[in-house]
Every structure is written in structure tokens, then in C-alpha cells.
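1. 3D model of this:
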Amino acid sequence: MDATSPISARVDATTLNDLDRLAERYDRSRSWLVAQAVREYVDRETEFLDFIKAGEDDIAKGNVVSQAEMEAWFEARIAQHNRNASAKS
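-> Model prediction:
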């Protein structure tokens, strides 16, 4: 298990009250709930920033599709779908 370090944060009275209710309901400490919330937030934001970085890397490599190319691709897909639907009728 990783060592932990204390942090502090200020929250409004309503949030603190809700946190206390959750802690009681789940039979967990405030600290445990806050640590879980922070972990989930950090994981989500890190994943999002990694996703953005991958896109930026693709752009830098020239791996891009123009809007006109994308529209043409969609139009071709729609036309193919319509042909398939007509053939089934």
C-alpha cells in the first residue's frame, strides 16, 4: 500500500453536511470518502489529458482528416446505407 499524505481543503457547510451523511451511510470516514473522490477526479482528468495529448501528437504527425473529407466519408456511408436498404426492399 502506498504511503499517504494529509491535505486540507475548504468546503461549504452544505457539502460538509452531505459528506458526513455519506460517511455515516457507507460507514467510512470523511477522509476515506475525500481520498476516493480525489482519486477518481485525478484518474478521470489524467485520462482526459492523455486523450488530448494523443490527438495533439496525431496532429503534429499530420494524421488529420479535413472537414470536407469527413463530410464526404459520411455522405458515402449514407449513400451505401440507402443502397443496401433499397436492395432489401
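
2. I'd like the distance between residue 4 and residue 31.
-> 9 Å (C-beta to C-beta, to the nearest Å). In this view, the C-beta of every residue, glycine as well, is placed from N, C-alpha and C.

3. also residue 11?
-> From residue 11 to residue 31 the distance is 13 Å (C-beta to C-beta).

4. which of residue 4 and residue 31 has more residues huddled nearby?
-> residue 31 (12 against 8; other C-beta atoms under 10 Å).

5. buried ones in the helix or strand harbouring that one?
-> Per DSSP states H and E, residue 31 falls inside helix 30-61. Buried residues in helix 30-61, counted by 16 or more other C-beta atoms under 10 Å: residue 34.

6. do stretch 12-28 as well
-> Those would be residue 23, for stretch 12-28 by 16+ other C-beta under 10 Å.

7. mean confidence (pLDDT) on that stretch, please.
-> Stretch 12-28 shows a mean pLDDT of 98.

8. and that stretch, how far out from the chain middle?
-> 25 Å (C-alpha atoms, centre = their mean, to the nearest Å).

9. could you list the residues in contact with it?
-> 11, 29, 30, 32, 33, 34 (C-beta atoms under 8 Å, 6 or more residues apart in numbering).

10. what about the third one, distance to residue 19?
-> Spelled out, that is residue 30. For residue 30, the distance to residue 19 - C-beta to C-beta - is 6 Å.

11. what does the first one give?
-> Look at residue 11 and residue 19: by C-beta to C-beta, they are 7 Å apart.

12. repeat that for the fourth one.
-> Note on residue 32: its distance to residue 19, by C-beta to C-beta, is 11 Å.

13. again, but for residue 58
-> 41 Å.

14. picking that back up, mind listing the shared neighbours of residue 11 and residue 31?
-> Counting by C-beta under 8 Å, 6+ apart, nothing touches both residue 11 and residue 31.
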